[in-house]
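[1] coords below, sequence missing:
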């Protein structure tokens, strides 16, 4: 074989159109999966609608976004920096979208920012404010928005000191993870020490977040789109499971069914304040805890959440297409007719695979265990299935 014939052939020839790369979430796993594939697929369609070349980077053969006819070009590669940077150098894209591929895609925003690559939508610094608990809490304090007392630590001794300051019970969690990985609720120094040692063993060097846990409270979440000037509340969902169960493992109703209109309005107003303060261009998800009539902000995710497709399907509005065009600066929210149509309620029903993993602890907590979700429509709160579900959860909460 001649030297010339052994040279590798590159079949990816860059086109002349402006290109936008969409980052997927890699292999399906607990915490992120098929929900973000929906987001990426609709994002790619929106990019093509606007006349750009849509490039998909993902390595999951089971997704629609990696079908041969969805994107203009597919790079079936791991969603890691080394692979992504080679693609960027080759394609020279106009920008990269990180909001649609879950936490995996969002984690690459810092490297993109450092290399001077345009991030389509919300800037890296604004996204990092939401991701960094300290910076985010400072922002909430500035906006006079309530949040649970918290502290950060890097060692066991620091963690015990912070926990005693904020008061037990506390929620212990690492930063920048998906699906509540390694999150624990602890009630004393001994439990805290065990949790922190385990956390640092598996995630060495990670900053530990310690929040006062608001026990026996209601939880809810808001998904919204912001174009920098206006904020549209896509949906407000009320969780049925008690506080301390990860949102991905909780049944949730759209719209809210047991929260007062005043509290619902307050959550919407808080979401608008946060989105505008963060200069969000695109999607944001905000998690709330409601205790004794007071609304606390738990966290904000400056990206598509796993409930975004659920809300889009429930209301019959192509929210991901709209959000992508807003991210790109091609459209404003006022350019769309956003009329919600839903008779009754839509219920987000988590799906578990415990039958395939018989030795796994089935007790639910702050670390996500569901492997998917289903949507169920009910006409009203008299529905027998819902009444039984709510009764069971209420009994659990009263224990």
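    Everything's here; your move. Given the structure is predicted, the values throughout are model-derived calculations rather than measurements.
[2] Excluding chain neighbours, what is closest to residue 62?
    Computed as Cβ to Cβ, 6 or more residues apart in numbering, the closest residue to residue 62 that is not its neighbour in sequence is residue 28, at 6.7 Å. Placement of C-beta: from N, CA and C, glycine included.
[3] Run a quick neighbour tally on that neighbour.
    Residues lying near residue 28 (other Cβ atoms under 10 Å) number 17.
[4] does it really touch residue 61, like I thought?
    No. Assessed by Cβ atoms under 8 Å, residue 28 is found out of contact with residue 61, at 10.5 Å.
[5] what kind of secondary structure is residue 171 in?
    Secondary structure assignment for residue 171 (DSSP: H, G, I helix; E, B strand; the rest coil): strand.
[6] Give the burial count for it, as a bare number.
    Neighbours of residue 171 (other Cβ under 10 Å): 22.
[7] OK, contacts around it?
    By Cβ atoms under 8 Å, 6 or more residues apart in numbering, residue 171 lies in contact with 183, 184, 185, 209, 210, 211, 212, 213, 244, 366.
[8] can we see that at 7 Å?
    Residue 171 makes contacts with 183, 185, 211, 213, 366, as judged by Cβ atoms under 7 Å, 6 or more residues apart in numbering.
[9] Spell out the secondary structure type for the residue nearest the centre of the chain.
    Closest residue to the average C-alpha location of the chain: residue 305 at 3.5 Å, with Cα atoms, centre = their mean. Assigned by three-state DSSP, the conformation of residue 305 is coil.
[10] hang on, isn't it packed against residue 285?
    Yes. Residue 305 lies in contact with residue 285 (Cβ atoms under 7 Å); the separation is 3.6 Å.
[11] Please enumerate the shared neighbours of these two.
    In contact with both residue 305 and residue 285: residue 223, using Cβ under 7 Å, 6+ apart.
[12] Buried ones in stretch 142-151, by neighbour count?
    Using 16 or more other Cβ atoms under 10 Å as the test for burial, stretch 142-151 gives 145, 147, 148, 150, 151.
[13] Confirm that the last one sits in a strand.
    Just to be clear, that refers to residue 151. Yes. If the criterion is three-state DSSP, then residue 151 is within a strand.
[14] dump the residue contacts of it.
    Residue 151 neighbours (Cβ under 7 Å, 6+ apart): 162, 165, 166, 210.
[15] Next: the fourth one.
    With contact taken as Cβ under 7 Å, 6+ apart, residue 150 is in contact with 133, 137, 166, 209, 210, 211, 212.
[16] if you set the cut-off to 6 Å instead, what comes out?
    By Cβ atoms under 6 Å, 6 or more residues apart in numbering, the contact set of residue 150 is residue 211.
[17] Can you tell me how far it is from residue 129?
    15 Å (Cβ to Cβ, to the nearest Å).
[18] is residue 294 in a bridge, and if so with what?
    Assessed by DSSP bridges, residue 294 has beta-bridge partners residue 291.
[19] So it versus residue 263, what's the distance?
    9 Å.
[20] before we move on, what about residue 145?
    14 Å.
[21] So what does residue 334 have for phi and psi?
    For residue 334, the backbone dihedrals (degrees, to the nearest 10) come out as phi -70, psi -10.
[22] give me the number of residues near it?
    With other Cβ under 10 Å as criterion, residue 334 counts 11.
[23] Equivalent analysis for residue 354, please.
    13.
[24] Please list all residues in contact with it.
    residue 362.
[25] related to what we said a few turns ago, quick one, which of residue 294 and residue 263 is more surrounded?
    residue 263 (20 against 12).
[26] distance of that one from residue 64?
    For residue 263, the distance to residue 64 (Cβ to Cβ) stands at 37 Å.
[27] domains of this structure?
    19-120, 149-212, 218-398 (automatic domain parsing).
[28] taking these together, which one is wrapped up most tightly?
    Here the criterion is mean neighbour count by mean count of other Cβ atoms under 10 Å, and of those the winner is domain 19-120, at a mean of 20.
[29] Measure how far that domain is from the centre of its chain, please.
    16 Å (Cα atoms, centre = their mean, to the nearest Å).
[30] Kindly check the end-to-end length of that domain for me.
    End-to-end distance for domain 19-120, by Cα to Cα, to the nearest Å: 11 Å.
[31] Kindly report the same for stretch 271-286.
    End-to-end distance (Cα to Cα), stretch 271-286: 7 Å.
[32] Not counting that stretch itself, show me its contacts.
    By Cβ under 6 Å, 6+ apart, stretch 271-286 touches 99, 121-122, 126, 143, 222-226, 228, 231, 300-305, 323, 326-327.
[33] Quick one: the helices in the protein, in order.
    Under the criterion DSSP state H, the chain contains helices at 34-49, 81-91, 102-106, 109-114, 124-131, 133-142, 156-166, 189-202, 261-277, 308-315, 319-327, 384-398.
[34] can you put those in a markdown table and add distance to residue 217?
    A markdown table is the format used below for the helices of the chain (distance: least, Cβ to Cβ, whole Å):
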| stretch | distance to residue 217 |
| --- | --- |
| helix 34-49 | 26 |
| helix 81-91 | 39 |
| helix 102-106 | 25 |
| helix 109-114 | 32 |
| helix 124-131 | 22 |
| helix 133-142 | 17 |
| helix 156-166 | 16 |
| helix 189-202 | 21 |
| helix 261-277 | 12 |
| helix 308-315 | 23 |
| helix 319-327 | 28 |
| helix 384-398 | 10 |
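[35] Which among these is found nearest to residue 71?
    helix 34-49 (5.0 Å; Cβ to Cβ).
[36] Next, the angle helix 319-327 makes with the closest one.
    50 degrees (axes from the mean of the first three to the mean of the last three Cα atoms, to 10 degrees).
[37] If I take helix 34-49 and helix 308-315, what angle do their directions form?
    80 degrees.
[38] what's in contact with helix 34-49?
    20, 22, 24-25, 54, 63-65, 70-71, 100-102, 304, 306, 309, 320-321, 324-325.
[39] 7 Å - rerun?
    20, 22, 24-25, 28, 54, 56, 63-65, 70-72, 97, 100-102, 304, 306, 308-309, 318, 320-321, 324-325, 372.
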